[in-house]
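Student: sharing a model that was predicted from the sequence below.
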Amino acid sequence: MDKQILEQYIDACELIKETEEDIRRVKKQRKTILNDRVYGSMEEFPYTVHGIKIHGMAYSVVSDPGSLDAYERLLEERKTRAEEIKVQVEAWLNTIPQRMQRIIRYAIFQKQSWGMVATRMGRNATAESVRKEFERFMSEK
């Protein structure tokens, strides 16, 4: 596994969240029900006004309801690809030393500063030593 896949992990995680939100929006759009009230009067005297409630699906939002299905399938496909990248990175992480796994999780995934990573690593680690250790590991072939 190439170390460059690590760069895609954060983007894949964010893409999964954004795509899930898009899917929820499409499903909500599919379920949009409009309500309205129409007023009318009787044809004969005393011409009393009465209201009629009207409600139904809002198909005017999308001209072709089938296009929502196609769009939803595309979103699901995008989400699946991003999840595959996420799994590849997790599998790659299991193959590297545990210390480096921790450094990557803290620095890359949790976006902590090198000082915070050094504190969490313990063993008198400094921000500079942890950063250098990470850079050496990433530059190795």
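Tutor: Everything's here; your move.
Student: where do the helices sit along this protein?
Tutor: With helices called from DSSP state H, the chain shows them at 5-30, 65-93, 98-104, 114-121, 127-139.
Student: could these be laid out in CSV, adding mean neighbour count?
Tutor: Quick note: C-beta positions are derived from backbone N, CA and C, even for glycine. CSV is the format used below for those (neighbours: other C-beta atoms under 10 Å):
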stretch, mean neighbour count
helix 5-30, 14
helix 65-93, 14
helix 98-104, 16
helix 114-121, 18
helix 127-139, 14
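Student: mind putting those in a markdown table, mean pLDDT included?
Tutor: Output for the helices of the chain, formatted as a markdown table (pLDDT from 0 to 100):
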| stretch | mean pLDDT |
| --- | --- |
| helix 5-30 | 85 |
| helix 65-93 | 86 |
| helix 98-104 | 92 |
| helix 114-121 | 93 |
| helix 127-139 | 92 |
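Student: can I get those helices in CSV with distance to V49?
Tutor: Listed next are the helices of the chain as CSV, based on distance: least, C-beta to C-beta, whole Å:
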stretch, distance to V49
helix 5-30, 35
helix 65-93, 36
helix 98-104, 71
helix 114-121, 69
helix 127-139, 76
